[in-house]
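# sequence first, predicted coordinates after that:
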Amino acid sequence: MKKLLPLALLALISGGVGFFAYLGLSGGLSGDGSGSGAPGDAPLPAPAAPQAAEFAPAFELPDLDGQPRQGSEWDGTVRVVNFWATWCPPCIREIPVLMDIQQEYGERGLQVIGIAIDETDAVLEFAEEFGFNYPVLIGQEDAMAVGNAFLEGFIGLPFTAFTDRSGRVVKVHTGELHREQLEEILAGLL
């Protein structure tokens, strides 16, 4: 065992040096993508930015009671479509803010819609404890497809799409939403 430790340490150090040498040759750490290595090195392409849909896509997902609900049900409202999961701490932290916003602005034509990309049983158990005041739709692959239709290439949760009354997607916010951010976005929509 004692003879293996120096070999493992040497392999780790060699791997680290090789990795950082690779990053240096490809411009990975500098961020300039200039490829400062061997002649003919081409810069690495920048990853594609997620692309938001122009209009809210048509979709159908089951609600907490298992009833199919269509996105068109909320046509004519300002929609706050929040994609989340029960295992996602930032998702859970923003739910009370979304519930407050729904209560305060619902009469003015705002509709929060939660889309859980999660297992049905986990969402039902979570919803029982939380007491949502807005519709929560559930799906796994189907909910992922709806998420991708709103924000092609999304890579994490939570994210929230905002639509105007005509259904145009006016903003997509990735990451946790805070009250001030919501108020600022909604100011121009209500």
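Ah, there it is.
# next SSE after the helix or strand of the chain with the lowest mean pLDDT?
The weakest-scoring helix or strand in the chain, judged by mean pLDDT, DSSP states H and E, is helix 4-26 (a mean of 34). Using DSSP states H and E, the helix or strand that follows helix 4-26 in sequence is strand 51-52.
# paired strands for the next helix or strand after that next one, with orientation please.
Counting by DSSP H and E, the next helix or strand C-terminal to strand 51-52 is strand 60-62. Strand 60-62 has these partner strands in its sheet, going by DSSP bridges: strand 68-70 (antiparallel).
# and the partner strand, average pLDDT?
Strand 68-70 carries an average pLDDT of 98.
# residues contacting the helix or strand just after that strand, please?
Following strand 68-70 in sequence order, the next helix or strand is strand 78-84 (DSSP H and E). With CB atoms under 8 Å, 6 or more residues apart in numbering as the test, strand 78-84 has contacts from 56, 91-92, 94-95, 98, 101, 105, 109-118, 143, 147, 150, 154, 157-165, 167, 177, 182, 186, 189-190. (Glycine included, C-beta is placed from N, CA and C.)
# so which of these are in helices?
Judged by DSSP state H, the contacts of strand 78-84 include 91-92, 94-95, 98, 101, 105, 143, 147, 150, 182, 186 as members of helices.
# quick one, domains of the chain?
Here the domain parsing of the chain from automatic domain parsing is 1-45, 51-187.
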